[in-house]
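> Here you go, sequence then predicted model.
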Amino acid sequence: MTAQITIRRPDDWHVHLRDGAMLKAVAGHTARQFARAIVMPNLTPPVTTVAAAEAYRQRILDALSEGSDFTPLMTCYLTDGADPAEIERGFEQGVFAACKLYPAHATTNSAHGVTDIRKMTQVLETMQRIGMPLLVHGEVTSRDVDIFDREAVFIDRILTPLVKDMPELKIVLEHITTAEAAEFVAASGPKIAATITPQHLIINRNAMFDGGIRPHAYCLPVAKREQHRLAVRKAAVSGSPKFFLGTDSAPHEIHRKESACGCAGIFNAPFALESYAQVFEDEGVLDRLEGFASEHGPNFYGLPLNEGTVTLKREEVTVPETMGEADIRLVPYHAGETLRWRFVD
Ligand code: NCD
Ligand code: ZN
Ligand code: ZN
């Protein structure tokens, strides 16, 4: 049995670091495991300007302990009023790594999101021209579409025409959860990729209703049927450069999760690599973890691979029931479970 694995330092291509006290409580977990991370812009108010992204990046750096060499990669939140010139300036100046498309009201803090993709033509054409990736929360929001079908319907109605209209636009379909998404991405050209979270490799929708309602298994897009989990898992461990690590770690305070209207989001940052490693080991392809975690993402974004390595030891680690700092209490993904790998450095 493999006793330890050492891989090139990985990156997280989709994370919510939040702001204020929550940022201070969670940023260190991501910075400990990952060299860089694509930081989601769904703050209140959302990050829509170069100046706001620069200020937020500084707040992230200030939240980390001295000596940390973590690099936050900033994203621009697209609204109906998004300015192509501002976006181009941010990308050219190296402030914005990508733009994020939230369909209005699809998920946490998406009220300012895009109401109609047709309003975005100028922005998307600019992004296509300058090679700036579009990151997509791929769910339609119509009330008449069942919540378990929202990703597949988004692919049909929005993504397929978009890819046809803008064949050179780089698109990352974020946090995929369905066989349809895995197939769409695999069948598309090299400009289309997807991120995959640990939870969507491990849980199916039963986890949300296991003996009672389980708010800590609730995130968006919601976990789907077992057949979808298996398809997403197959894609993740396939070795295809189109699939890469994006935790979608999305912390919400305990009382906001355990509530009559609980927030969507799973806080998986503290044990993210341990969680992924377990999946790759179970599939008998631990040797493919490095590609998924450390190579496919930078290659897609056109960024250099990280120098240095991290090591996971085959030692049991028990995930605490709650975590946090100061007044912030959080329930991590895998709370109370024992995992088989321990991140050492
Ligand atoms: C995210 C959040 O809380 O910001 N929640 C989630 O369930 N994934 C938003 C998102 O990524 O859609
Ligand atoms: Zn999302
Ligand atoms: Zn997210």
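Arrived safely, thanks for sending. Ligands and ions are numbered 1, 2, ... in the order given.

> if I look at the residue of the chain most remote from its centre, how far off is Glu54?
In the chain, Met1 marks the outermost C-alpha relative to the chain mean, sitting 30.8 Å out by CA atoms, centre = their mean. The gap separating Met1 from Glu54 is 47 Å, by CB to CB, to the nearest Å. C-betas here are computed from N, CA, C, even on glycine.

> Ok, Thr126 next?
For Thr126, the distance to Glu54 - CB to CB - is 20 Å.

> Compare these two (neighbour count), which wins?
Between Thr126 and Glu54, counted using other CB atoms under 10 Å, Thr126 has the larger neighbour count: 19 against 16.

> Pull the contacting residues for that one.
By CB atoms under 8 Å, 6 or more residues apart in numbering, the contact set of Thr126 is 84, 87-88, 132.

> Narrow the residues you listed to just the buried residues.
The neighbour count (16 or more other CB atoms under 10 Å) marks 84, 87-88, 132 as buried among these.

> mind giving me CSV with those residues and columns for distance to ligand 2 and pLDDT?
Shown next, in CSV, are those (distance: CB to the ion, whole Å; pLDDT from 0 to 100):
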residue, distance to ligand 2, pLDDT
Pro84, 23, 98
Ile87, 20, 98
Glu88, 24, 98
Met132, 19, 98
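
> Quick check: closest non-adjacent residue to the residue farthest from the centre of the chain.
Arg314 (6.8 Å; CB to CB, 6 or more residues apart in numbering).

> Report how many residues lie close to the one you found.
Count around Arg314 with other CB under 10 Å applied: 14.

> so where do the helices sit in the protein?
In the chain, the helices defined using DSSP state H lie at 20-33, 50-63, 84-92, 121-130, 150-154, 160-165, 179-187, 199-202, 226-236, 254-257, 272-282, 289-290, 296-301.

> got the contact list for the last one?
Same thing as helix 296-301. Under CB under 8 Å, 6+ apart, the answer for helix 296-301 is 11, 13, 97-98, 133, 170, 172, 193, 240-246, 304-306.

> Return the members of those residues classed as buried.
Among the contacts of helix 296-301, those classed as buried by 16+ other CB under 10 Å are 11, 13, 97-98, 133, 170, 172, 193, 240, 242-246, 306.

> returning to that earlier point: could you dump the helices of the chain to a markdown table with distance to ligand 1?
Shown next, in a markdown table, are the helices of the chain (distance: least, CB to the nearest ligand atom, whole Å):
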| stretch | distance to ligand 1 |
| --- | --- |
| helix 20-33 | 11 |
| helix 50-63 | 14 |
| helix 84-92 | 20 |
| helix 121-130 | 20 |
| helix 150-154 | 11 |
| helix 160-165 | 19 |
| helix 179-187 | 14 |
| helix 199-202 | 9 |
| helix 226-236 | 15 |
| helix 254-257 | 10 |
| helix 272-282 | 14 |
| helix 289-290 | 23 |
| helix 296-301 | 17 |
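
> In CSV: those, plus distance to Phe70.
Converted to CSV, the helices of the chain look like this (distance: least, CB to CB, whole Å):
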stretch, distance to Phe70
helix 20-33, 4
helix 50-63, 8
helix 84-92, 20
helix 121-130, 26
helix 150-154, 31
helix 160-165, 32
helix 179-187, 28
helix 199-202, 23
helix 226-236, 24
helix 254-257, 26
helix 272-282, 14
helix 289-290, 19
helix 296-301, 15
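
> For Thr107, find the nearest of those.
Closest to Thr107 of the helices of the chain is helix 150-154 (CB to CB; 10.4 Å).

> For ligand 2, tell me whether that closest one is touching it.
No - Helix 150-154 stays clear of ligand 2 (CB under 5 Å from the ion), getting no nearer than 10.4 Å.

> Repeat that for stretch 176-189.
No - Stretch 176-189 stays clear of ligand 2 (CB under 5 Å from the ion), getting no nearer than 10.4 Å.

> tell me the mean pLDDT over that stretch?
When pLDDT is averaged over stretch 176-189, the result is 98.

> just stretch 7-17 next, same as before
Confidence over stretch 7-17 (mean pLDDT, whole number) is 98.

> Can you show me the CA trace of it as PDB?
Extracted in PDB, the C-alpha atoms of stretch 7-17 (Å, rounded to 0.1, in the frame of the first residue of the first chain):
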ATOM      1  CA  ILE A   7       2.700  15.900  -5.900                       C
ATOM      2  CA  ARG A   8       3.500  19.300  -7.500                       C
ATOM      3  CA  ARG A   9       1.800  22.000  -5.400                       C
ATOM      4  CA  PRO A  10      -1.800  22.200  -6.400                       C
ATOM      5  CA  ASP A  11      -4.200  25.100  -7.000                       C
ATOM      6  CA  ASP A  12      -7.900  25.500  -6.200                       C
ATOM      7  CA  TRP A  13      -9.700  26.800  -9.300                       C
ATOM      8  CA  HIS A  14     -13.000  27.700  -7.500                       C
ATOM      9  CA  VAL A  15     -13.200  28.900  -4.000                       C
ATOM     10  CA  HIS A  16     -15.200  31.300  -1.800                       C
ATOM     11  CA  LEU A  17     -13.000  33.100   0.600                       C
END
